[in-house]
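> This is a predicted model, with the sequence first.
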Amino acid sequence: MTQETAAATTDAVLDREETISRDELEALQLSRLQHTVAYAYDRVPLYKRKFDAAGVHPTDLRELSDLGKFPFTTKEDLRLEYPFGMFAVPQNQVARIHASSGTTGRATVVGYTKKDLADWAKLVARSLRASGVRPGMKVHNAYGYGLFTGGMGAHAGAEALGCTVIPISGGQTERQITLIQDFQPDAILATPTYLLTIADAMIKQGIDPASTSLKYAVLGAEPWTEEMRHELEVTMNIKACDIYGLSEVMGPGVAGEAVETQDGSHIWEDHFRPEIIDAFDPSVVLADGEPGELVFTSLTKEALPIIRYRTKDLTRLLPGTARPAHRRMGRITGRSDDMIILRGVNLFPSQIEEIALRIPELSPHFQLELTRPEGQRMDQMTVKIERRDAVTIESGTAAAKVLQQQIKIHVGSSCTVDVVEPGSLERSNGKLRRIYDMRPKG
Ligand code: DLL
C-alpha cells in the first residue's frame, strides 16, 4: 500500500445518509416512497393497471407499512413489457440501458437517466468505501463489461470514489494475472468464483496468490459462504467483502458490506425499501430476522421505478451495525428458483459449499449433477468435487465418504460424491453454474 492509500484508510468521509438516525431515515423513506408510487402510477401503464386491479391508489400510502397493500412486480412483468414498456421517462432521457442475458427466456431490459447513473455510482462508491477501498487506490475490475450491470456499475462507482480503475472485465485469466503483477492494484472486484479461478491459475503458474499487491476484494453477483470468504482471504491474503445487487433494482451496490465488521451487506435504505415475504404465501410480510424472499422498492429511480420487486433471493433482514440506520441482509442462502428438491428435501449449492470447505482434502471446485436413472422414480444427486492438489487419490476417496455423511447429517439428503482430478471441472469466468440438471423434463 502506498503512503497516501494507507493514510486514506483511516479517514473515510461518509455520505450524510450513512450516518443519519433510523427515525430520520424512515421519514426520508416515507416521503420518497410516496413520491415513487405516485410517479410509477402516473407514468408506467403496467403500474396503473396493477394498482387499479388491486384496488389501491398512491394516496393510500400514508405510512411505511402501507406498502404491503401494493401489488408485487416480477421478472415476468419486465419480460412482458419488453423492451421499454416499464420505462417512466421518454427514451431521449434514458442515458443507458442494461439487460439480463436472457438465457432463461426473454431478456429483461433496464434503463437509467443521468441522475440514476449518478445515484448508482454514488452507491457503488459507498459500498466500495465500506469494504475498505479508498480514493487513490488502484482497482482491478474483473466484473464482466457489457449489458451485465456488474462491469460498468462497479467501474463508475470506483471512479466516483476517486480510484484508478483498471477495466479488465471477466475472462482472459492469464492476462489478468500479468496485469495484477504489473499494475499492482490494491483492490479487485470480481465474482467470488472468478477470484478463485484467478487464484488457482496463479498457483499453476508458480505465483503465490498471497504475495500480490491486492489487499481488498469486493465480491458478489452470486451466492457465496463464510467458508469461501475464509478460503479466499487466506489464499490471497486479502480482506474480502460482499456486494449485492440486481439489474431490475439497479445493479451492484444495492447493499454493501463493511470491512470492519464483515457481518453482511448493509442495504442502502435511503434509496431502497426492503421487505421480506413468505415465498410460499407472498401476502405475508415477515418480521426482521425471519427468513424469506427479499423484495425491493426503489425510492429515487427515475427511468425504471420498481415497486415491490420479488427478487427470489432468500435471506433475512438484520439490524444495522457499522451503519446503524441501514439494515443488513443475511447471506443469501440461494434463489428460490435454484433450490434443488431432492426426494422431498430442499437444498442449495451454498450448503454443499459450506460443508465441503470444512473438509481439508476437498477444494471449492464442485458441481452438482441431478439425474433420474432409467426405470427409477427417484432423483439422484452426484456431487463432483476436485480434491486439493497435494491430496492423494486414497485420501480424496476417504474425504468423499466424509462429505457424503456430512451432507446426510446436515442437509438430510443421500447423494453420491465423486472426487475428481484437480483442475478437471469447468472454471468460472463470472457467475458460476453449479447445478447440472439432467433429469428428464416434465
Ligand atoms: O449480479 C449485479 C451485481 C454485479 C451484484 C456485481 C454484485 C456484483 P444480476 O445479473 O441481475 O445482477 O443478478 C442478480 O445475482 O438476484 C442474486 O441472486 C445474485 N446476487 C447478486 N449479488 C449477490 C451476492 C448482478 N452478493 C442476482 N450474494 C441476484 C448472493 C448475489 N447473490
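Arrived safely, thanks for sending.

> Now the element after the least confident helix or strand in the chain by mean pLDDT, going C-ward?
Taking mean pLDDT, DSSP states H and E as the measure, helix 3-8 is the helix or strand of the chain with the lowest mean score, a mean of 41. Note on helix 3-8: by DSSP states H and E, the next helix or strand toward the C-terminus is helix 16-19.

> With only the CA atoms kept, save that following helix in PDB.
Extracted in PDB, the C-alpha atoms of helix 16-19 (Å, rounded to 0.1, in the frame of the first residue of the first chain):
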ATOM      1  CA  ARG A  16     -24.600  12.100   5.300                       C
ATOM      2  CA  GLU A  17     -27.300   9.400   4.700                       C
ATOM      3  CA  GLU A  18     -24.900   6.800   6.100                       C
ATOM      4  CA  THR A  19     -24.900   8.400   9.500                       C
END
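
> what's downstream of that helix, the next helix or strand?
helix 22-43.

> on contacts alone, who are the packing partners of that following helix?
Applying 3 or more CB pairs under 8 Å, 6 or more residues apart in numbering; DSSP states H and E, we find helix 22-43 packed against helix 45-54, strand 292-298. From N, CA and C alone the C-beta is placed, and that goes for glycine too.

> would CSV of the ones you listed with mean pLDDT, distance to the ligand and mean neighbour count be doable?
Below are the helices and strands packed on helix 22-43 laid out as CSV (pLDDT from 0 to 100; distance: least, CB to the nearest ligand atom, whole Å; neighbours: other CB atoms under 10 Å):
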stretch, mean pLDDT, distance to the ligand, mean neighbour count
helix 45-54, 98, 19, 15
strand 292-298, 98, 8, 24
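
> wait, which of these is closest to F280?
Between F280 and those, the tightest spacing by CB to CB is seen for strand 292-298, at 9.1 Å.

> What ranges does the stretch 101-250 of the chain have for its helices?
Using DSSP state H, counting those that start in this stretch, the helices found in the stretch 101-250 of the chain span residues 114-130, 149-161, 173-183, 192-204, 226-236.

> list the buried ones in the third one?
Read that as helix 173-183. For helix 173-183, the neighbour count (16 or more other CB atoms under 10 Å) marks 173, 176-177, 179-180 as buried.

> same thing with the last one?
In terms of neighbour count (16+ other CB under 10 Å), helix 226-236 has its buried residues at 227-229, 231-232, 235-236.

> can you list contacts of it?
Residues from elsewhere that reach helix 226-236 (CB atoms under 8 Å, 6 or more residues apart in numbering): 192, 195-196, 199, 209-210, 212, 214, 217, 219, 238-240, 262, 331, 353-354, 357-358, 364.

> and the ligand, which of those contact it?
When CB under 6 Å from any ligand atom is applied, no member of the contacts of helix 226-236 is adjacent to the ligand.

> Please list only the buried members of those residues.
Here, 16+ other CB under 10 Å leaves 192, 195-196, 199, 209, 212, 214, 217, 219, 238-240, 262, 331, 353-354, 357, 364 buried among these.

> Narrow those residues to those in strands?
217, 219, 239-240, 364 (DSSP state E).

> and the residue in the chain sticking out farthest from the centre, backbone torsions?
The centre of the chain is farthest from one residue, G375, which by CA atoms, centre = their mean lies 39.4 Å away. The phi and psi values for G375, taken as degrees, to the nearest 10, are phi 70, psi 0.

> residues touching G430, list them.
Here G430 is in contact with 143-144, 148, 150, 170-171, 191, 194, 221 (CB under 8 Å, 6+ apart).

> Which element, helix or strand, includes it?
Counting by DSSP H and E, G430 is part of no helix or strand.

> burial measure for the closest residue to it other than its chain neighbours, as a count.
Among residues not flanking G430 along the chain, G170 sits closest, at 4.6 Å (CB to CB, 6 or more residues apart in numbering). Residue neighbour count, defined by other CB atoms under 10 Å, stands at 23 for G170.

> In PyMOL, how would I select just the buried ones from the contacts of G430?
In PyMOL, this line selects whichever of the contacts of G430 come out buried by 16+ other CB under 10 Å:
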select buried, resi 143+144+148+150+170+191+194+221
